[in-house]
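> how does the following fold in three dimensions:
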Amino acid sequence: MTVVRIGTRRSRLAMVQAELVAQGITRLHPEVRCEVVGYTTAGDVVLDRPLEEVGGKGLFVQELDRALLEGRIDLAVHSYKDLPAELSPGVVVAACSPREDPRDALVLPAGAGPLPEGLPDADLVARLAATGLPVGCSSARRRVQLQALFGPSLRVESVRGSVPTRLEKLDRGGFCALVLAMAGLRRLGLEGRASRVLSPDEMVPAAGQGAMALCARAGEPRPELDGYGDAAAHLCVRAERAFTRALGATCASPVGAYARIEKDGRLRLSVFYGGRREVVCAPEEAEAVAARLGREVRDRGNH
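Residues are numbered from 1 along each chain as shown. Sure, this is the predicted structure:
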């Protein structure tokens, strides 16, 4: 039997995601036994400052890249949105998982009760403001789009940590609400905590949100991945990342990018950077079109 060592962060969500990948591989290849190996990354340790102040997304992948390149693991599983624009030399994305719900969700404290259906935004903001507490979110993308959606008076503060840690901070009275990724809530069996799911028209997701990247050593065959993955999801994620890369975005940039294949087979890319834009193109042109759009936005200085 072939043993494949899958590395990931030690957070509950990351371990669940790696186990999902392991199950997908063994369903396709019963002769393979997967072992999940957890690592504590620098991004998991430094939680008292915003991510952009302590090194950006690379903090979540450096230890795993080293383990991969040194042969201690065979694959590394990451939330695709956590991958830096440029991968470490010698590391490639060998496959992309099927994509979970890419949307963001507004989460109220436990016991707050469901939001009334069709509650006007003004009433929601008034309800949140009445608590005297901020809304917690972990990215500039969410903060800027929250204030664009609900008004600049909405008080928003940074919150770091795993999904359970953030929910604990919320439920203990540190925040009046959080904005979290629906994909993470679903994978943890916590989708019932979502008080209002924000459509991509309301809040453009982060590039790669909802997808998992399976990284491997460049040039090394990984037969256990034969048949695994979602080519359409990977095409969409590559287009999203092409936009953010051409834009020169960092983890501190308030940028969103979300692509999907329409019923007619065309790809629609929605982006947010100081404003919302959309382009529609043939799938085979998606990365080039996305990169061109990123350069146009960058050159206009529209942020």
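> alpha carbons only for contacts and neighbour counts from here, please
OK.
> between its first and last residues, how far does stretch 140-159 reach?
One end of stretch 140-159 sits 11 Å from the other (Cα to Cα, to the nearest Å).
> typo on my end, stretch 151-163
End-to-end distance (Cα to Cα), stretch 151-163: 26 Å.
> adjust the sequence numbering to begin at 486 for everything that follows.
Will do, 486 is the new start, and the previous item becomes stretch 636-648.
> point out where this structure drops to low pLDDT.
For the chain, applying pLDDT under 70 flags the ranges 527-544, 787-788.
> run the last query once more with 50
Applying pLDDT under 50 to the chain flags residues 532-533, 536, 539-540, 788.
> return the residues in contact with residue 670.
Residues near residue 670 by Cα atoms under 8 Å, 6 or more residues apart in numbering: 648, 676, 678-679.
> was I right about residue 511 contacting residue 518?
Yes: shown here, residue 511 and residue 518 form a contact pair, counting by Cα atoms under 8 Å, at 6.7 Å.
> which residues in the stretch 486-635 of the chain form helices?
497-513, 527-530, 547-554, 606-614, 625-635 (DSSP state H, counting those that start in this stretch).
> out of the contacts of residue 670, list just those in helices.
Using DSSP state H, residue 648 are the members of the contacts of residue 670 that sit in helices.
> ok, and what's touching the one helix or strand residue 721 maps to?
Using DSSP states H and E, residue 721 sits within helix 716-732. The contact list for helix 716-732 (Cα under 8 Å, 6+ apart) reads 570, 580-584, 692-693, 696, 740, 742-746, 752, 754, 768, 771-773, 775-780, 782-783.
> next: stretch 557-568.
For stretch 557-568, the external contacting residues (Cα under 8 Å, 6+ apart) are 489-493, 499, 502-503, 506, 522, 542-543, 545-546, 549-550, 552-553, 691-702.
> how about a cut-off of 7 Å?
489-493, 503, 542, 549, 552-553, 691-694, 696-701 (Cα atoms under 7 Å, 6 or more residues apart in numbering).
> what does stretch 617-625 give?
Under the contact criterion Cα under 7 Å, 6+ apart, stretch 617-625 has outside partners 628, 640-645, 659-664, 737-739.
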